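>>> can't give you the sequence, but here's the structure:
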Ligand code: NAP
């Protein structure tokens, strides 16, 4: 996507705050959406050191910036700076999208809903009454756990390299969803019974040629979603293909969280296929 952007006094500015942020695919996706709908808006990356976040976020809102995304390491640190937080972001305990109006900042979290939309669209999978094994207990895993339980998942096993972090996340989930069956463990411990869904929310597979688990030992029944998207086929996804297990990478989650963020900012339906094509093109250029 290399359409010329015409900037004038009415151009609305959006962006993404992260550290590092130079390799973000969101500018390609959001600028393609603005162009497709003929909106006078641009989206740019802002590299922001952790200690600079309060100054930068308040400064952007005061300067009339219309909204921004947050990526690592700012999704939690933004919370005390916000004037309003949606119930879903409060339950997840992290914000990835902020809308600014008259200097006030409202935050939401589109990662969890984006993950659910990817499960539904890419794998035709619904959580209600099912069992899942979630690998990882970091920021992304937290949003995924809460979103799955919110949609009626019956049992969730959280497995993490550092088991204490899995236990802490499971404890928070038990408080919020007392009817669900929660278990926490290290990565290598097998689930009690074969899960319907496996989700990888660790960084394993991101260019390290490694897999967080040996899939044949887990016995996943229905689907696998690896939220890593670079490379597009991780060793875990290759194992799923070899076992004929329906699977998808993290592109769908990235796409849908961006699609939801666009709607939160503009209150317009975002052009999903335009955004998907822009993401694929940006990835291919890497
Ligand atoms: P994070 O908060 O830093 O969490 C990292 C997770 O990976 C932790 O559970 C960590 O375990 C685990 N981990 C790291 N290195 C490991 C290793 N060598 N062996 C086993 N486990 C390891 O990161 P995050 O924001 O949750 O992101 C996690 C992944 O999801 C990243 O690859 C990110 O790109 C991807 N992601 C994708 C999307 C999307 O839209 N598709 C959105 C968000 C994130 P410990 O607790 O033991 O350190």
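Alright, I've got the coordinates. What you see is a predicted model, and the numbers here were worked out from it, not measured in a lab. Numbers count the residues shown, from 1 in each chain.
>>> switch to C-alpha atoms for all contacts and neighbour counts from now on
Will do.
>>> what about the helix or strand residue 281 falls within, near the ligand?
According to DSSP states H and E, residue 281 maps onto helix 272-284. No - Helix 272-284 lies out of reach of the ligand by C-alpha under 6 Å from any ligand atom, never closer than 11.6 Å.
>>> quick one: the strands in the stretch 1-150 of the chain?
Here the stretch 1-150 of the chain has its strands, by DSSP state E, counting those that start in this stretch, at 12-18, 41-47, 67-70, 84-85, 97-101, 104-108, 131-135.
>>> Output these as CSV; include the columns distance to the ligand, mean neighbour count and mean pLDDT.
Shown next, in CSV, are the strands of the stretch 1-150 of the chain (distance: least, C-alpha to the nearest ligand atom, whole Å; neighbours: other C-alpha atoms under 10 Å; pLDDT from 0 to 100):
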stretch, distance to the ligand, mean neighbour count, mean pLDDT
strand 12-18, 12, 22, 98
strand 41-47, 16, 19, 98
strand 67-70, 11, 26, 98
strand 84-85, 19, 18, 98
strand 97-101, 13, 24, 98
strand 104-108, 15, 22, 98
strand 131-135, 7, 26, 98
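>>> These into a markdown table, with extra columns for distance to residue 212?
Formatted as a markdown table, the strands of the stretch 1-150 of the chain follow (distance: least, C-alpha to C-alpha, whole Å):
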| stretch | distance to residue 212 |
| --- | --- |
| strand 12-18 | 26 |
| strand 41-47 | 30 |
| strand 67-70 | 26 |
| strand 84-85 | 34 |
| strand 97-101 | 29 |
| strand 104-108 | 30 |
| strand 131-135 | 8 |
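>>> ok now the helix holding residue 281, how far from the chain's centre?
In terms of C-alpha atoms, centre = their mean, to the nearest Å, the centre of helix 272-284 is found 17 Å from the chain centre.
>>> in that helix, what's buried?
By neighbour count with 16 or more other C-alpha atoms under 10 Å, helix 272-284 contains the buried residues 272, 274-279, 282-283.
>>> need the contact list for the closest residue to residue 140 other than its chain neighbours.
Spatial nearest neighbour of residue 140, excluding adjacent residues (C-alpha to C-alpha, 6 or more residues apart in numbering): residue 201 at 6.3 Å. Residues in contact with residue 201 (C-alpha atoms under 8 Å, 6 or more residues apart in numbering) are 134-138, 140-141, 226-228.
>>> Of the residues you listed, which qualify as buried by neighbour count?
Of these, these count as buried by 16+ other C-alpha under 10 Å: 134-137, 140-141, 226-228.
>>> quick check, nearest of the buried residues of helix 272-284 to residue 195?
residue 276 (29.8 Å; C-alpha to C-alpha).
>>> from memory the closest one sits against residue 256, does it?
No - using C-alpha atoms under 8 Å, residue 276 makes no contact with residue 256, being 9.1 Å away.
>>> and residue 49, what does it touch?
18-19.
>>> Next, work out how far apart it and residue 109 are.
21 Å (C-alpha to C-alpha, to the nearest Å).
>>> what do you get for residue 135?
The spacing between residue 135 and residue 109, counted by C-alpha to C-alpha, is 20 Å.
>>> could you pull out the helices for the chain?
Remark: helices assigned in the chain by DSSP state H are 26-36, 53-62, 87-92, 111-123, 139-150, 163-176, 215-218, 235-242, 251-266, 272-284.
>>> sorry, back to before: nearest to the ligand among the buried residues of helix 272-284?
Comparing the buried residues of helix 272-284 against the ligand with C-alpha to the nearest ligand atom places residue 279 closest, at 11.6 Å.
>>> and the stretch 151-286 of the chain, which of its residues are near the ligand?
So the stretch 151-286 of the chain meets the ligand at 160-162, 165, 201-204, 227-228, 250-251, 253-254 (C-alpha under 6 Å from any ligand atom).
>>> now the stretch 1-150 of the chain
Residues of the stretch 1-150 of the chain found near the ligand (C-alpha under 6 Å from any ligand atom) are 136-141.
>>> among those, which one has the lowest pLDDT?
Least confident by pLDDT among those: that is residue 139, with 85.
>>> so what's that residue closest to, chain neighbours aside?
Residue 139 sits nearest to residue 94 (C-alpha to C-alpha, 6+ apart), 7.7 Å away.
>>> Am I right that that neighbour is in contact with residue 76?
Yes - in this structure, residue 94 is within contact of residue 76 by C-alpha under 8 Å, at 4.9 Å.
>>> between those two, who's got more neighbours?
Neighbour totals were compared for residue 94 and residue 76, and residue 94 leads with 26 against 16 (other C-alpha atoms under 10 Å).
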